[in-house]
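Undergrad: below are the sequence and a predicted model for it; my questions follow.
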Amino acid sequence: MQDNRPMDTDVLRRNLDSVRHRIAEAAQRSGRSPDEVTLVVVTKRLPVEVVPPLVALGALDLGENYPQELWEKVNHLGNSSVRWHLIGHLQSNKAKKTVPMVRMIHAVDSLRLLQGLDALVADPENGPAVCLQVNTSNEPAKHGWSVDEILADADAIAGCRNLRVAGLMTMAALDTTSETARPSFILLRDVREKLKERTGLRLEQLSMGMSNDFETAIEEGATIVRVGSAIFEGVFS
Ligand SMILES: *Cc1c(COP(=O)(O)O)cnc(C)c1O
């Protein structure tokens, strides 16, 4: 993860300012407070050297896709104020090592993984929160519950004792634009309402929206957006 590519922190600051500004505008447009939206800066495939400048710019919620890469960054940084988010697929055999390192696991994509995580978390106060991934675009290659499956699993989801199920997560289909992504986000919000009713859980988080579509996601209720390329464009030469 270490590498010596030059990094332009002025560009980083400008990009980050711009994304924060766009988040605030999208929130205001939809009658929400910008504070209701958490920006997770996605640092996947980037060197660990990018973390300290992000922290200095107040970006403390950082997202990684691959557990191994997350572990390397965490080990390299030691104690830091970063709140790590695992946003990619988690294999059961990597869960035990990952759980103590993260604030949130975004892409819990099966009941089996959910129950495995629940069994790993001894203390609900200190364990990570999770979002359940719903495949709202019905692409066969995507992980996650289908809409019907997740509603059918409502009782089992409500039965988690130690793990805090904070909400739902989705990714729009590949090659969607900010507008063609909208139905996925609307669907996730609808599923959240139904699953809330069936489980009695608050499910306050909707983790949806990436560089190409985060403003649409916010308009449709995203509380967490996961943004990478819009922030790192032009930062490394
Ligand atoms: C890479 C990734 C992102 C960020 O994507 P960008 O288009 O670079 O903003 C968000 N969520 C997940 C699950 C990702 O894998």
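TA: Ah, there it is. Because the structure is predicted, anything quoted here is derived from the model rather than measured.

Undergrad: what's in contact with the longest helix along the chain?
TA: Using DSSP state H, we find that the single longest helix of the chain is helix 9-29. Helix 9-29 is touched from outside by 33-34, 36-37, 39, 41, 50, 53-54, 57, 59, 214-216, 218-219, 225, 227, 230-235, with contacts defined as Cβ atoms under 8 Å, 6 or more residues apart in numbering. All C-beta atoms are positioned from the backbone trio N, CA, C, and that covers glycine.

Undergrad: can you pull out the helices in the protein?
TA: Remark: helices of the chain, listed N- to C-terminal, are 9-29, 51-56, 67-77, 95-98, 111-120, 147-152, 154-158, 182-199, 214-219, 229-232; assignment by DSSP H.

Undergrad: include distance to residue 126, mean pLDDT and mean neighbour count when you put those helices into JSON lines, please.
TA: Conversion of the helices of the chain to JSON lines gives the following (distance: least, Cβ to Cβ, whole Å; pLDDT from 0 to 100; neighbours: other Cβ atoms under 10 Å):
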{"stretch": "helix 9-29", "distance to residue 126": "29", "mean pLDDT": "98", "mean neighbour count": "16"}
{"stretch": "helix 51-56", "distance to residue 126": "22", "mean pLDDT": "97", "mean neighbour count": "16"}
{"stretch": "helix 67-77", "distance to residue 126": "16", "mean pLDDT": "97", "mean neighbour count": "17"}
{"stretch": "helix 95-98", "distance to residue 126": "14", "mean pLDDT": "97", "mean neighbour count": "16"}
{"stretch": "helix 111-120", "distance to residue 126": "12", "mean pLDDT": "97", "mean neighbour count": "18"}
{"stretch": "helix 147-152", "distance to residue 126": "27", "mean pLDDT": "97", "mean neighbour count": "15"}
{"stretch": "helix 154-158", "distance to residue 126": "21", "mean pLDDT": "98", "mean neighbour count": "15"}
{"stretch": "helix 182-199", "distance to residue 126": "23", "mean pLDDT": "98", "mean neighbour count": "18"}
{"stretch": "helix 214-219", "distance to residue 126": "29", "mean pLDDT": "98", "mean neighbour count": "24"}
{"stretch": "helix 229-232", "distance to residue 126": "29", "mean pLDDT": "98", "mean neighbour count": "18"}
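
Undergrad: may I have the distance across stretch 122-133, first residue to last?
TA: Using Cα to Cα, to the nearest Å, the gap from the first to the last residue of stretch 122-133 comes to 23 Å.

Undergrad: equivalent analysis for stretch 208-228, please.
TA: Using Cα to Cα, the end-to-end distance of stretch 208-228 comes to 13 Å.

Undergrad: likewise stretch 161-174?
TA: 35 Å.

Undergrad: can you give me the buried ones in that stretch?
TA: Buried residues in stretch 161-174, counting neighbours by 16 or more other Cβ atoms under 10 Å, are found at 163-173.

Undergrad: same list (the residues you listed) but as CSV, adding distance to residue 69.
TA: Conversion of those to CSV gives the following (distance: Cβ to Cβ, whole Å):
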residue, distance to residue 69
163, 23
164, 25
165, 25
166, 23
167, 24
168, 24
169, 19
170, 22
171, 19
172, 23
173, 25
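
Undergrad: re the thing from before, and the ligand, which of the contacts of helix 9-29 contact it?
TA: 227, 230 (Cβ under 6 Å from any ligand atom).

Undergrad: can you tell me which residues in the chain are near the ligand?
TA: Selection of the chain residues close to the ligand by Cβ under 6 Å from any ligand atom yields 42, 44, 65, 87-88, 171, 210-212, 226-230.

Undergrad: among those, who's most crowded?
TA: The member of the residues of the chain next to the ligand surrounded by the most neighbours (other Cβ atoms under 10 Å) is residue 87, with 29 neighbours in all.
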